[in-house]
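Q: Sequence and predicted structure, then a few things I'm wondering about:
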Amino acid sequence: MQKIMYSSDRNGSLAGDLKSPPWRADISAENREVLLQISAFIRLAEGFRLGLVKCNQPVQRRQMADLLKEMLVGEVQIQEVDLKEPVDDLRAAVGQLLTEGGQTGTGKRVLMVFGFEQSIPSEGSVPALEGLNLSRSLSL
C-alpha cells in the first residue's frame with residue numbers, strides 16, 4: 001500500500017483515541033499504520049473532509065477497505081461507490097450513483113470512491129480534480 005495523503009484537522013493533529021483492532025497476520029506493519037492514520041482522520045473529521053489514498057493492488061484495496069469498516073463499525077456509516085469508467089465531474093457522478101442506490105442515513109458518514117484513478121490521465125489537465133478544487137473554493 002502506498003502512503004496516505006490526507007488533510008489534518010484545524011490544529012494539524014491526527015492524534016486521537018485509536019482502537020487497536022485484532023490484526024490479521026497477513027497485514028504488514030506499514031499497512032496497519034496506514035489504517036490507523038485513515039481511521040484517525042475519519043474519527044477526527046468535522047464537516048466535510050477529503051482524503052485520498054492510493055493502493056496499487058485491487059485485492060489489497062478490498063482487504064484494507066474491509067478492515068477499515070471493521071475498525072469503524074458502530075461509529076461511522078461507510079458507503080462505497082465503484083466508478084466503472086472515467087468521470088469529468090466526480091461530485092455529479094457520485095451523487096447520481098448514491099441517488100440510484102437510495103443511500104441515506106444520519107450521523108457521521110464516509111464515502112469510499114473506488115476507480116477514481118481512471119479519471120486521472122498521465123498527461124494534461126484533470127477535469128475531475130479541477131472540478132473538485134473549484135467546488136471547494138465555492139463552499140468556503
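A: Received the coordinates, thanks. Residues are numbered from 1 along each chain as shown.
Q: how about the residue nearest the centre of the chain, what does it touch?
A: Against the mean C-alpha coordinate of the chain, by CA atoms, centre = their mean, the closest residue is Met112 at 4.6 Å. For Met112, the contacting residues are Ala65, Ile78, Gln79, Glu80, Val81, by CB atoms under 8 Å, 6 or more residues apart in numbering. Bear in mind the C-beta positions are built from the backbone N, C-alpha and C, glycine included.
Q: Can you list which of those are found in strands?
A: Among the contacts of Met112, the members falling in strands are Ile78, Gln79, Glu80, Val81 (criterion: DSSP state E).
Q: who wins for neighbours among those residues?
A: Using other CB atoms under 10 Å as the neighbour test, the ones in strands among the contacts of Met112 are led by Val81, with 19 neighbours.
Q: Wait, that one touches Phe116, no?
A: No - assessed by CB atoms under 8 Å, Val81 is found out of contact with Phe116, at 9.2 Å.
Q: which other helices and strands contact whichever strand or helix holds Arg61?
A: Here Arg61, judged by DSSP states H and E, is contained in helix 58-72. For helix 58-72, the packing partners by 3 or more CB pairs under 8 Å, 6 or more residues apart in numbering; DSSP states H and E come out as helix 29-44, strand 77-82, strand 109-114.
Q: Show me the contact partners of it.
A: With CB under 8 Å, 6+ apart, helix 58-72 has contacts from 1, 19, 21, 24, 27, 31, 34-35, 38-39, 42-43, 55, 78, 80, 110, 112, 114.
Q: same thing with stretch 89-99?
A: By CB under 8 Å, 6+ apart, stretch 89-99 touches 79, 81, 83, 87, 111, 113, 116, 119, 127-128, 131-132, 135.
Q: Repeat the analysis, applying 10 Å as the threshold.
A: 79-87, 103-104, 111, 113, 115-116, 119, 127-132, 135 (CB atoms under 10 Å, 6 or more residues apart in numbering).
Q: Next: stretch 127-138.
A: With CB under 10 Å, 6+ apart, stretch 127-138 has contacts from 48, 50, 52, 83, 86-93, 116, 118-121, 126.
Q: again, only using 8 Å
A: For stretch 127-138, using CB under 8 Å, 6+ apart, the contacting residues are Leu50, Pro86, Val87, Asp88, Asp89, Leu90, Arg91, Phe116, Ser119, Ile120.
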